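Undergrad: Give me a model of this one.
(one chain, ligands or ions: 1)
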Amino acid sequence: MTQNLNQVALVTGASRGIGKAIAIELAKHDIFVYINYLSDKSSAQDTLEKIMGQNGQAELWPFDVTSAEESLNAVKIILQKSAGIDILVNNAGIRDDKLFAMMKKDAWQKVIDANLTSFYNVTKPVVKNMLKNRYGRIVNVSSASGQMGNPGQVNYSASKAGLIGATKALAREVANRNITVNAVAPGFIETQMLEGINLDAIIDTIPAKRLGKPEEVAHVTAFLCSKKSAYVNGQVIGVNGGMI
Ligand code: NAP
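TA: Take a look at the predicted model:
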């Protein structure tokens with residue numbers, strides 16, 4: 001796909017799970033991928049090796065998306081190395097579930113910081129560059145939990161719903177500069193994030209009667225990152241087996 005030759009993408013949380021599948025998929029389309037992660041270097045290294053194994057190009061780019069300073073610095077250095085960041089996938093995220101009546105302020109704040117404030121920290125410096133270059137694709141990884149609300153996840157649902165609002169508002173601000181901002185909203189996807197959850201009960205509630213695969217989210221995300229999706233803007237695409 002030569003139309004994407006020489007494009008640069010930053011994928012946050014690309015050491016594992018959905019972010020890893022997105023990084024690997026983007027790299028198949030001649031996109032140079034910066035693989036962000038927080039601390040799991042060996043998993044991030046595995047993402048890099050898988051990309052190189054398919055003749056793709058990528059580099060490890062660890063930083064903490066909850067830190068505005070680290071995020072700004074990480075973006076600045078990429079911009080010194082290349083003309084721009086064409087694609088940003090805000091995927092890094094965490095959960096810390098508890099019934100709301102029992103939820104400590106710390107569990108609220110850390111989930112909001114990782115899943116929503118990270119959007120501000122990373123997207124702000126990137127979108128400035130996209131505005132200058134008059135091109136960009138931003139995909140935010142939200143969640144079905146942000147669309148329908150999930151008991152035990154008031155913090156997580158709030159962060160993911162916030163991400164949907166941010167997606168729609170920013171899309172309207174930048175659409176006339178050839179920049180799209182969309183969200184994918186996965187349902188239950190087979191990753192480490194689901195550890196400790198009773199999946200049998202959940203699978204029964206999914207019309208497809210199975211969990212999703214990270215690659216199924218990656219394919220939709222890659223389309224939203226491509227030039228072909230130019231007229232799709234401010235949208236939330238569910239990848240949820242028919243759950244919503
Ligand atoms: P995962 O396997 O737990 O991976 C999370 C990734 O985020 C890891 O690469 C992790 O890096 C990174 N990360 C966490 N905090 C970070 C920080 N402060 N700075 C930089 N990177 C950080 O999770 P996943 O299931 O793939 O989830 C990916 C995204 O999809 C999340 O936003 C999640 O909310 C969303 N989602 C998942 C599901 C699901 O069912 N799995 C459903 C809906 C939405 P390290 O490896 O270094 O810790």
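
Undergrad: Those residues of this structure touching the ligand, which are they?
TA: 12-13, 15-19, 36-40, 43, 64-66, 91-94, 114, 141, 143, 186, 188-189, 191-194 (Cβ under 6 Å from any ligand atom). In short, each C-beta sits where N, CA and C put it, glycine included.

Undergrad: residues of stretch 124-142 that come out buried?
TA: 125-127, 129-130, 135-142 (16 or more other Cβ atoms under 10 Å).

Undergrad: Can you measure across it, start residue to end residue?
TA: Start-to-end span of stretch 124-142 (Cα to Cα, to the nearest Å) is 18 Å.

Undergrad: Please apply the same query to stretch 104-117.
TA: First-to-last distance for stretch 104-117 - Cα to Cα - comes to 19 Å.

Undergrad: and it, which residues are buried?
TA: Neighbour-count burial for stretch 104-117 [16+ other Cβ under 10 Å]: 107-108, 111-117.

Undergrad: Give me the subset of the residues you listed lying in helices.
TA: Using DSSP state H, the subset of these located in helices is 107-108, 111-112.

Undergrad: which residues touch the helix or strand of the chain with the lowest mean pLDDT?
TA: Across the helices and strands of the chain, mean confidence by mean pLDDT, DSSP states H and E is lowest for helix 199-203: a mean of 95. If you take Cβ atoms under 8 Å, 6 or more residues apart in numbering as the criterion, helix 199-203 is touched by 188, 209-211.

Undergrad: run the last query once more with 10 Å
TA: Residues from elsewhere that reach helix 199-203, judged by Cβ atoms under 10 Å, 6 or more residues apart in numbering: 187-188, 190, 194, 206, 209-211, 241, 243.

Undergrad: which two from these end up farthest apart in space?
TA: Spanning the widest gap among these are Leu194 and Lys209, at 16.0 Å by Cβ to Cβ.

Undergrad: In this structure, where's the longest helix?
TA: helix 154-174.

Undergrad: I'd like the next helix or strand past that helix.
TA: Following helix 154-174 in sequence order, the next helix or strand is strand 179-186 (DSSP states H and E).

Undergrad: Which other helices and strands does that next one contact?
TA: On a contact count with 3 or more Cβ pairs under 10 Å, 6 or more residues apart in numbering; DSSP states H and E, strand 179-186 meets helix 17-27, strand 87-90, helix 118-133, strand 136-141, helix 144-148, helix 154-174, helix 214-224, strand 236-239.

Undergrad: So which elements touch the second one?
TA: Spelled out, it's strand 87-90. strand 7-11, helix 17-27, strand 31-35, helix 118-133, strand 136-141, helix 154-174, strand 179-186, helix 214-224.

Undergrad: hmm, 7 Å instead?
TA: Contacts defined by 3 or more Cβ pairs under 7 Å, 6 or more residues apart in numbering; DSSP states H and E place strand 87-90 against strand 7-11, helix 118-133, strand 136-141.

Undergrad: Understood, closing this out.
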